[in-house]
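>>> show me how the following folds:
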Amino acid sequence: MALTTKDIVRLLSDHGAKQYGREAVSQLEHALQCAHLAESAGETDQVVMASLLHDVGHMLKAENAGALQTETDRDDLHQYTLMPFLRGKLPDAVLEPIRLHVDAKRYHCQADASYFGSLSPASVHSLALQGGVFSADQAHAFLQQPHAEAAVRLRRYDDLAKVAGRAVPPLEHYLPRLGQLMASDRPE
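A predicted model of the protein is given here:
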C-alpha cells in the first residue's frame, strides 16, 4: 500500500509528539527543524522533503507495533521502512537521501575526525547499532552512489535538528511542496 500526503500528515501528527529517541525534541520538532535547516541552506524541494521525511520510518514502525520504541539495543532499519510505501510516489531525489542518511553518518565519522565528537550521546549509541564508522573503502563506495552528496548534507541537518524550543515553520508550510512531489497527488 502506498502512502499519500494525507497518510504522512497523519503519521507525523499521531506519532510526532513523542520524544525523538533520547533527544530533547519530539519526532515532529526534529522533522520540522531538519526541513527548515535544509530550506534555509537553499536546498532543492526534494532535499527539503527528504529532510522532513527522513525519520518517518520510525513512525510507520510505531504504528504497526502500537508504540514508538525510543530505547533499543538493535538498529530498527528505519531508513528502509518507508521505501516500499513511497517508491513510485516520490522521486529518487527524495527517497535516496532518506535511504542513505544512516550511512551518511557512518561516512562523516570516517571523513571528518571532529564529526564523531559532535554527535549527541543518542547518535553515538545508534551509530554503534548501525555498524559503526565506515572504513576508507566503505566511505569511498558510499560516495559513488547517486544522491550520496545530498544524504551527506541531510545528515548534517539531521545532527543540528535537535534544539528544544527552536522556532520553525509548521508542518503546513511544507505540505504544498510535498503534494507537488507526490505522484498520485498531482493533477492528471
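>>> name the helix or strand of this structure that has the lowest mean pLDDT.
In the chain, the helix or strand scored least confidently by mean pLDDT, DSSP states H and E is helix 56-65, which has a mean of 80.
>>> remind me what that helix packs against, helices and strands.
helix 5-15, helix 27-40, helix 78-81 (3 or more Cβ pairs under 8 Å, 6 or more residues apart in numbering; DSSP states H and E). (Glycine included, C-beta is placed from N, CA and C.)
>>> out of those, deepest packed?
Of all the helices and strands packed on helix 56-65, helix 27-40 carries the top mean neighbour count, a mean of 23, counting by mean count of other Cβ atoms under 10 Å.
>>> right, so of the helices and strands packed on helix 56-65, which gets closest to residue 183?
When those are compared by Cβ to Cβ, helix 5-15 sits nearest residue 183, at 10.8 Å.
>>> ok and that closest one relative to helix 27-40, angle-wise?
130 degrees (axes from the mean of the first three to the mean of the last three Cα atoms, to 10 degrees).
>>> output helix 5-15 as PDB, nothing but the C-alphas.
Extracted in PDB, the C-alpha atoms of helix 5-15 (Å, rounded to 0.1, in the frame of the first residue of the first chain):
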ATOM      1  CA  THR A   5       0.300  13.100   1.600                       C
ATOM      2  CA  LYS A   6      -2.700  12.700   4.000                       C
ATOM      3  CA  ASP A   7      -1.200   9.500   5.400                       C
ATOM      4  CA  ILE A   8       2.200  11.200   6.000                       C
ATOM      5  CA  VAL A   9       0.500  14.100   7.800                       C
ATOM      6  CA  ARG A  10      -1.400  11.600   9.900                       C
ATOM      7  CA  LEU A  11       1.800   9.700  10.900                       C
ATOM      8  CA  LEU A  12       3.500  13.000  11.800                       C
ATOM      9  CA  SER A  13       0.500  14.200  13.700                       C
ATOM     10  CA  ASP A  14      -0.200  10.900  15.500                       C
ATOM     11  CA  HIS A  15       3.400  10.000  16.400                       C
END
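>>> give me the helices and strands touching it, please.
helix 27-40, helix 56-65, helix 175-181.
>>> to residue 104, which of those lies closest?
Taking the helices and strands packed on helix 5-15 one by one with Cβ to Cβ, helix 27-40 is closest: 12.8 Å.
>>> what packs against that closest one?
Applying 3+ Cβ pairs under 8 Å, 6+ apart, we find helix 27-40 packed against helix 5-15, helix 45-53, helix 56-65, helix 148-160.
>>> contact partners of the shortest one?
Surrounding helix 45-53, the residues in contact under the criterion Cβ atoms under 8 Å, 6 or more residues apart in numbering are 8, 31-32, 34-35, 37-39, 43, 82, 86, 90-91, 93-95, 97-98, 101, 150, 153-154, 157-158, 161, 174, 177-178, 180-181.
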